[in-house]
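Novice: how does the following fold in three dimensions:
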Amino acid sequence: MQNDELRKAQEELEESRSKYSDLFDFAPVGYLTITEKGLITEANLTGADMLGVERQLLIDMPLSRFIDRESQDDFYRQRLTLLETKKKQHCELKMKRQDGSLFWAVIQIVAKTDDADNVLQVRATLTDITNRKKAEEKLKNAHDKLKEYD
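Specialist: Predicted coordinates:
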């Protein structure tokens, strides 16, 4: 009787783990876990795909490597504020894939802390907003052209 209950509990746990894994890996946003110093320790498949690197190869790479020079200061300030305040942060960054191609992303970061409020790790989400940025640029250009005719 006890073995049957144990086996059933193990099957339920495995099913739950499988569902979580699918949700994590195939989410429409990239999930990354990074150290306090900015090294990637975990990534879902979407995040790895966004950065253009196999998931296993991302481990121990600095996330800053994938942030365009133009956005480095914004990311640095965001991380510093998170580490100081422990409050969720977000900003828009120009990022670059392993192959050098650029894309825009919203990055949101939260701190995972211990009981003494020390940062254990940083969890990040990446959402590709390249299409939105392109649409904004088209609208701006159209608006600027209309101003020329006024």
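Novice: which residues are contacting the lengthiest strand in the chain?
Specialist: Counting by DSSP state E, the longest strand found in the chain is strand 102-113. Residues from elsewhere that reach strand 102-113, judged by CB atoms under 8 Å, 6 or more residues apart in numbering: 30, 50, 68, 75, 78-79, 82-83, 86, 88-97, 119-130, 132-133. Placement of C-beta: from N, CA and C, glycine included.
Novice: ok, now stretch 47-63?
Specialist: For stretch 47-63, contacts defined as CB under 8 Å, 6+ apart pick out 29-32, 34, 37-45, 66, 75, 95, 97-99, 101, 103, 105, 124, 126, 128.
Novice: buried stuff in that stretch?
Specialist: 47-48, 50-51, 53, 55, 58, 61, 63 (16 or more other CB atoms under 10 Å).
Novice: and the helices in this structure?
Specialist: Applying DSSP state H to the chain gives helices spanning 2-25, 45-51, 55-58, 72-85, 130-149.
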